[in-house]
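> I'd like to go over a predicted model; first the sequence, then the structure.
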Amino acid sequence: MTLVETTAVEPAPAQKPQGYWAGVGARLVRDPLTMICAGVVLALILAAVFAPWLGLADPYKGSMIARLKPIGTTGHLLGTDEQGRDMFARLIYGGRLTLFIGLMPVVLAFFIGSALGIVAGFVGGLTNTIIMRTVDVFFAFPSVLLAIAISGALGAGIVNSLVSLTIVFIPPITRVAEAVTSGVRALDYIDAARATGASALTVIRVHVIGNVLSPIFVYATSLTSVCMILAAGLSFLGIGVRPPEPEWGLMLNTLRSAIYINPWLSALPGMMIFVTSLCLNLLSDGLRSAMNVRD
Amino acid sequence: MSATDVETYEPLPDTGGPAQPLLMVRNLRKYFPVRGGILGRTQAMVQAVDGVSFEVKKGETLGIVGESGCGKSTTAKLLIGLTPKDEGEIIFDGIDLGEGLSLKQLRKGVQMVFQDSYATLNPRMTIEASVAFGARVQGLDDPEGRARRLMERVGLDPNRFAHRYPHELSGGQRQRVNIARALAMSPRLVVLDEAVSALDKSVEAQVLNLLSDLRREFGLTYIFISHDLNVVRYISDRILVMYLGEVVEVAPVDSIWAEQAHPYTRSLFSAMPAMDPDHRTKEPPLSGDPPNPINPPSGCRFHTRCRFASEVCKTTPPRLAGLARNAQHLVACHLHDAASGHPKAGQEVAA
C-alpha cells in the first residue's frame, strides 16, 4: 500500500473498477511474449482455416521431376516433398488436421477431466474412490499403447483418433484436477462459504472453479504437443490420418527417409510442431500469470 | 452508527422470548474415525467432542477456553453444521435442528468468524463479492449494498476497499472483512473461533472493541473461543472450560476469576503469565501432554494429571453440577460433590 492510499483525502474511484476477466485481459496485453505467442497461434489457426482462399498450390498435386526441391526454389517457397508436392501449401493445409487433432482431444479431455476431478476432489469419500480408481486403470497402460489399442479397436479415421486421444488424456487431467481441488477443498474459505448455507454446486461454481482452473488449464496446454505427436504416431501406423492427407506428424514420418538428402526440408514439419507447441506452452504460462491476482 | 444500518439488519424473528436460551446444546458428540490398513477400516476413534452440553442466553457472550486439541474448534464447527454431529441436540431459540430447523436456516441464524483471516477469504474474489456472497445465497435483497454498509460499519471505507483483493489488506482489515461477512447474513449468534488470536495486540484491542459495539448495536450473542484468558475475560459474560472433549467448568466470569473450582481450570489460570515480576509462575502448573483422545482415561478424564485424584476419579466420570454456594457456577469434579466418595469431597482444597 502506498502512502497516498492511506490518506483520507483520496477521492472515490470515478467508476466501478474492472472485473476479474477484464483485469486478466489488461495484464495479458501488457505481456509482449504472451501476445506474440498468441499472435503466432492465431495466425496458424487462421491460415489453416482459410487455406483454400489463400491462393496456395494444390497440396495433393505431385510432380515426379520436382521431388525434394530445396527451400527457396522458385515457385516452391519451401521446396517440395518426396512426391514433388509444394511444402508450403502442405504445411498450411497440414495445420488444419494437425491443429484439430492436436487441440480438440485436449479441449474435450479438459472439460471432461476437470469435471470428473473437481467432483471427485470436492465430494470425496466413495465418489472419489470410484472415479479415481477407474482413472487409475487407464494409467496402467502407456498412453501411446492405449491410443493405439483404442484406435485399433475403433478402426482408422479422424473421428476415431479424436475419441481415442480424448480417452487417453482424460485420466491425467482428472488426476491433476482432483489433486488441486482437494487442496482447495481443505481451505477455510470453502468452509466459510459452506457456512453461509450455499449448496455444494454454488460453492464449486463460485469458489472452487476459479481457484483450480488455471493449474489444470496450464497442464492441459502442455498436453497439446504430446497430443500432436501421438496423433502423428497413429497416422504413421495407419490408424489415424491416412496419406495423402497433409498432416504435420504424417509428413514428418514420410519425409524421414529424405533426411540425408535434404535435412532442412525434412525438419520443416517438426519445426511447425515445435513452434506451435512452444507458443502454446508460453501462452499457457502467460495466461497463468495473468490469471493470478496476486501479481 | 446511523439508523439505516439497523433497519437493514433483519435477523430471524425471536420465537422463544427472552427467557429461552438462544442456543442449547445437549450431549453433543463427535468421534473422528482413524482409518488404516489395506482396506481402510476404522482402527480407532478420536473422541474429539464427547457429551458436551451448554446453553447460551440471548445477548450474552460465552467464552470457551481450553488447551490445544480439547475440542473447542470442533464444537464450533458442529454448531454451524460444518462438521456433522454424531449425536446430540442443537436447539436454536427453542427449535430443534433437523426437525423444525433446516441446516440452511440455522446458518442464517448462526455465523462464524475463523481464526486465519487470510485463508477464509477467496483469493480471487473482491472484498465486496466475498461479503455479499452469503446474503446472495440466502436470497436477501441488495447483497452489494448490504456488503458496502457493513464494510462501512466495521470501519472499512467501501469506496477504497470494495474492489480490493484479500492479499491487499492487512490482517486486522481482513478480520474486519470476515466480521462484515458474518454479519451480512444478519445472524443472531456469531461463533468467533480464535477470531482475534492471530492479530497483534493493538489491532486485537480495536477488533475486540468493534465486536463489543456490534453486539450492542445488533443485539448479537457471541460464542467466543480463545486460548487467551485475558481476552476471554474482557469480552465474555460466562466462561466454559473444556478438557479433552468434555466440559469441566462453566461459570460467570467474575465467579470463575475469583475461584476456579476444577483443578484443571486452576492450572489453566495459573499458566497465565503474571503481570507482576514478583509473582512469577515458578512451577509448571501442569506437567505432561494431554492424554490421547483416541483412548481417553476412564472416569474423570483429568485424573492422570490431577493432584487430587483418588480411586473414585479413576472409575466414575463426574457430573457437571452447580457449586453448593453458587448454583450458577457449574463444575464437573468429585471434589465438589459431597456424595461422590472422594476422600476430600466437600472440603476446601487449597490450590
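Everything's here; your move. Numbers count the residues shown, from 1 in each chain, chains lettered A, B, ... in the order given.
> for the rest of this, base every contact and every neighbour count on C-alpha atoms.
Noted.
> how about the helices in the stretch 1-150 of chain A?
Along the stretch 1-150 of chain A, counting by DSSP state H, counting those that start in this stretch, helices occupy A:3-6, A:20-29, A:32-49, A:87-123, A:125-139, A:143-154.
> of these, which approaches B:Lys85 most closely?
Within the helices of the stretch 1-150 of chain A, the stretch nearest B:Lys85 is helix A:125-139; the backing value is 17.4 Å (Cα to Cα).
> which residue is nearest the middle of chain B?
Residue closest to the mean C-alpha point of chain B, counted by Cα atoms, centre = their mean, is B:Ile225 at 3.5 Å.
> that residue reaches B:Cys70, doesn't it?
No: assessed by Cα atoms under 8 Å, B:Ile225 is found out of contact with B:Cys70, at 11.7 Å.
> list, one by one, the residues from the stretch 101-250 of chain B near chain A.
Applying Cα under 8 Å from any Cα of the partner chain, we find that the stretch 101-250 of chain B lies next to chain A at B:103-105, B:107-108, B:111-112, B:114, B:116, B:119-124, B:133-134, B:137-138, B:159-160, B:163, B:165, B:167-168, B:185.
> go with 6 Å
B:104, B:107, B:119-122, B:134, B:137, B:159 (Cα under 6 Å from any Cα of the partner chain).
> make sure B:Ile64 is indeed in a strand.
Yes: counting by DSSP: H, G, I helix; E, B strand; the rest coil, B:Ile64 is found in a strand.
> what's the neighbour count on it?
Applying the criterion other Cα atoms under 10 Å in any protein chain shown, we find 27 residues in the vicinity of B:Ile64.
> quick check, it in contact with B:Asp237.
No: here B:Ile64 lies out of contact with B:Asp237, judged by Cα atoms under 6 Å, at a distance of 11.0 Å.
> can you give me the strands for chain B?
Taking DSSP state E, the strands of chain B run over residues B:23-36, B:41-56, B:61-65, B:87-92, B:95-96, B:110-113, B:189-193, B:221-225, B:238-243, B:246-252, B:321-322, B:330-331.
> what sits up against the first one?
So the one you mean is strand B:23-36. Counting contacts by Cα atoms under 6 Å, 6 or more residues apart in numbering or on different chains, the residues outside strand B:23-36 that touch it are B:41-56, B:85-93.
> what's the angle between that strand and strand B:41-56?
Angle of strand B:23-36 versus strand B:41-56, following axes from the mean of the first three to the mean of the last three Cα atoms, to 10 degrees, is 170 degrees.
> average pLDDT across strand B:23-36?
Averaged over strand B:23-36, pLDDT sits at 86.
> where are the low-confidence patches of the chain?
No chain was given, so I picked chain A. Regions of chain A meeting the criterion pLDDT under 70 cover residues A:1-19, A:293-295.
> try chain B instead
For chain B, the stretches with pLDDT under 70 are B:1-8, B:281-285, B:346-351.
> repeat that for 50
Applying pLDDT under 50 to the predicted model, the residue ranges of chain B that meet it are B:1-6, B:350-351.
> excluding chain neighbours, what is closest to whatever residue of chain B ends up closest to chain A?
Per Cα to the nearest Cα, B:Thr120 is where chain B lies closest to chain A, at 3.8 Å. By the measure of Cα to Cα, 6 or more residues apart in numbering or on different chains, the closest residue to B:Thr120 outside its immediate chain neighbours is A:Tyr189, 3.8 Å from it.
> how many residues are close by the one you found?
Look at A:Tyr189: counted by other Cα under 10 Å, it has 24 neighbours.
> sec struct for it, please.
Put simply, A:Tyr189 is helix when judged by three-state DSSP.
> check contacts around it.
A:Tyr189 makes contact with B:119-122 under the criterion Cα under 6 Å, 6+ apart.
> on that earlier part again, pick the most deeply packed of the helices of the stretch 1-150 of chain A.
Per-residue neighbour counts averaged over each of the helices of the stretch 1-150 of chain A give the maximum for helix A:87-123, namely a mean of 23 (mean count of other Cα atoms under 10 Å in any protein chain shown).
> does it come close to chain B?
No: contact of helix A:87-123 with chain B is not found when judged by Cα under 6 Å from any Cα; the minimum separation is 14.0 Å.
> next, the distance between the ends of stretch B:115-130.
Length of stretch B:115-130, first residue to last, Cα to Cα, to the nearest Å: 17 Å.
> so which bits of it are buried?
If you call a residue buried by 16 or more other Cα atoms under 10 Å in any protein chain shown, then stretch B:115-130 has these buried ones: B:115-118, B:120-130.
> tell me what the closest residue to B:Ser53 other than its chain neighbours is bridged to.
Take B:Ser53 and drop its neighbours on the chain: the residue closest to it by Cα to Cα, 6+ apart is B:Arg26, 4.4 Å away. As for beta bridges, B:Arg26 partners with B:Glu89 under DSSP bridges.
> and what of the one 4 residues further on?
Following DSSP bridges, B:Lys30 is listed with bridge partners B:Val49.
> how many residues are close by it?
Each residue near B:Lys30 was counted by other Cα under 10 Å, and the total is 25.
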